[in-house]
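Asker: Quick one: sequence and predicted model below, then my questions.
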Amino acid sequence: MPRTVLQGREFVALTVPLIKAGQGRVVTATFQHTKAGVIDLTIGDAVESETIGTTSNHPFWSEDRQACVQAGTLKSGERVRTYLGDHKQVMEVSH
């Protein structure tokens with residue numbers, strides 16, 4: 001972490017502790033996942049489709065809502081953006 005020069009009435013509220021050399025990695029953050037049920041989400045187009053098993057609270061980008069929404073709130077006919085950036089239609093949501 002680079003050092004900075006304090007000016008005026010600023011003060012250091014937290015310092016980073018020294019880390020001993022050796023094997024392992026520093027934990028910089030933790031992630032807490034709330035329990036959610038798994039649903040089957042079928043997406044595709046007139047040519048092909050695929051079914052994805054996902055948690056109901058997994059985020060998907062809805063092109064129709066222009067927002068990130070939980071998988072469990074998606075409706076048949078709604079369009080989502082895939083990780084490749086193309087758009088697919090939600091064909092079925094099985095809870």
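Answerer: Cool, the structure landed. Since this is a predicted model, take the numbers as computed values, not measurements.
Asker: how many neighbours does Leu74 have?
Answerer: Using other C-beta atoms under 10 Å, Leu74 has 23 neighbouring residues. Where you see a C-beta, it was placed from the backbone N, CA and C, and this is true even at glycine.
Asker: repeat for Lys88
Answerer: Counted with other C-beta under 10 Å, Lys88 comes out at 19.
Asker: Report the beta-bridge partners for it.
Answerer: Val80 (DSSP bridges).
Asker: which ones are touching Ala21?
Answerer: Ala21 makes no contacts at all, as judged by C-beta atoms under 8 Å, 6 or more residues apart in numbering.
Asker: And the pLDDT for it?
Answerer: The score at Ala21 is 85. That number is its pLDDT.
Asker: How about Ala46?
Answerer: We have a pLDDT of 85 for Ala46.
Asker: Would you state the predicted confidence (pLDDT) at Lys75?
Answerer: Note for Lys75: predicted pLDDT of 98.
Asker: I figured it hits Glu92, correct?
Answerer: No: using C-beta atoms under 8 Å, Lys75 is not in contact with Glu92, being 10.2 Å away.
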